Every structure is written in structure tokens, then in C-alpha cells.
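Asks: Let me see the structure of the following:
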Amino acid sequence: MVENKSEIRNPKSEIKDSKSEQGNKIVTSKLNVWYDGKQALKDISLNVEMNEIMGVIGPSNSGKTSFLETLNRLNELYPGSRTEGQVLLDGKDIFKEIDKHLLRKKVGIVFALPLPLPLSIFDNVAYGPRLHGIKDKKKITELVEQSLKSAAIWDEVKDRLKENAFKLSGGQQQRLCIARTLAVEPDVVLYDEPCSGLDPISTLKIEEAMRELKKIYTQVLVTNNVKQSARVSDRTAFFLMGEMIELGATTQIFTSPKDKRTDDYISGRFG
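Replies: Next comes the predicted model:
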């Protein structure tokens, strides 16, 4: 599936599930989420295909982050949260058939603000594999190098691995966080406004990394930057007030949306 394995390898290539190879990676059905009785998501039913970048756009308080955090059950960390409906990962119900700790390993998330650990660059990336029981130093070193390469930051830090991660620029810290997510070998990578506050050059590098990662990973991108979704997403979903208003190929959503609310949002009439 990947021609240049020196850049991105598939750690699960020998144990691919042929059923999921051609189908959907994630399927949500009538997904509803509440926080302290206030409904954040209303009957969200959509599929995320294998190895695609699914963009999710919409104004503030439209439910985008709630949707993202439900995919790996982070929403359950909030007091008063309640979820109804179904989310399938590779055909398995994430609420009934997958342990939440295993789920969060399979479905990693990159947040809006880079949050490096107060450790060296190397130890930031190695933290996850060590936490999950990998002790072989050679294996960890390989994972660190590969993850940094996949996040398009290796060439910038390969001679600085012992330096504190806080010495990196904001854009570099965010790519380091992507590398840290990749190091535990997830199946899906979620992004919650990953380029918020970053300069255009850093944003470009992250978007280039996302396109390259599509060879191996399924990705879901939540963004308030509609142009970013237009640039990198294969399909885009428009959320408004907790509802999914429209879902389609990104080119269709941005050139001939079917719902006037979608057109109003992407054209800047509101949001």
C-alpha cells in the first residue's frame, strides 16, 4: 500500500483485516451526546472511510469537538456527560466491545494547543510506547525516529533529541505532539484545531504531514478554518447546533453545497 516505506511504514501490515481494508473505519449511528442535560450532538450518523481525511467544519458550539472526543470516549471524562447511539470501529462497538484504554491507543488525538511533556524531544515521543509496556531500547529508538519522520519534523530535530521539547517553536511542538500520537501506533488520528494560532508555514508543514499520513492512517480533522478543510479533506461534514447539516465530497461541499446553511457558512455569511 505504501511504496516508500522508509518514510512511512505500516506497523500492522502483516495483520491487516481484509474486511476493514475496503470498508469503513468508523461508523456512527444516531449518536447523541449530552453534558449536564444540554444536548451537544443530535442523531449524528456518518461513516469515515479507511485512509481518508474527514473534515468537520462548523461555527463554535456546533458539536465538532464533542463529536471528536466521543470517537475515543474522552467525552466521558466530563462530569454529567451522557451518550446514546452507536459508534463502530472496524465493526466493533466502542462502548460495548472495546476497552476504553485500548480504544484511546487505537484512536489518538492531537489538540488545538501543543502540549509537549516537560521532557526531552526523544522522551516525549518515547513516553507512549514505554507507557504501553515497550522496554526494548532498539524498538523505542526505531519508533521515535519513524514517528518524527512521519510527522515531518525529523530533519529539524534529529541532532537535538536530548534537548527539552519546550525549546521548539510552536509549529514544531505541534508536529512533535503528532509524532507522540503516532508512536503508540494508532489506527485513527483525530485533530482538534491542530493549526490554531500557528503561522502559515507551520500550518503548511502540518497539512503536508497529514496528506502523507493518509497512506497509513484514517484521520478526522475538526477545524474552524474552512480553507484548511478544503485543502486537505477528502470529504467534509458541516455541523450546526449539534446537527450534521450536510456531508459530501469536499469539492462538492465547497462548490455546490446542497443546503443553503452550508453555503452561507463557507461563504462567510455567518460563523
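
Asks: all contacts plus neighbour counts: C-alpha atoms, from now on.
Replies: Will do.

Asks: how about the nearest residue to the residue most central in space within the chain, chain neighbours excluded?
Replies: Note on the chain: the residue nearest the mean C-alpha position is Leu190, at 1.4 Å, using CA atoms, centre = their mean. Leaving aside its chain neighbours, Leu190 sits nearest to Ile109 (4.5 Å; criterion: CA to CA, 6 or more residues apart in numbering).

Asks: Would you mind confirming that that neighbour makes contact with Glu193?
Replies: No. Assessed by CA atoms under 8 Å, Ile109 is found out of contact with Glu193, at 10.7 Å.

Asks: For the closest residue in space to Tyr78 that isn't next to it in sequence, give me its contacts.
Replies: Ranked by CA to CA, 6+ apart and with sequence neighbours excluded, the top spatial neighbour of Tyr78 is Tyr35, at 7.7 Å. With contacts defined as CA atoms under 8 Å, 6 or more residues apart in numbering, Tyr35 is in contact with 78-82.

Asks: Residues contacting the host helix or strand of Tyr127, please?
Replies: Using DSSP states H and E, Tyr127 sits in helix 121-131. For helix 121-131, contacts defined as CA under 8 Å, 6+ apart pick out 116-117, 140-141, 143-144, 147, 157, 160-165, 176-177, 179-181, 183-184.

Asks: Local confidence estimate at Gly268?
Replies: On pLDDT, Gly268 comes in at 86.

Asks: residues in contact with it?
Replies: Counting by CA under 8 Å, 6+ apart, Gly268 has no contacts.

Asks: Give me the phi and psi for it.
Replies: Phi and psi for Gly268, reported as degrees, to the nearest 10, are phi 90, psi 10.
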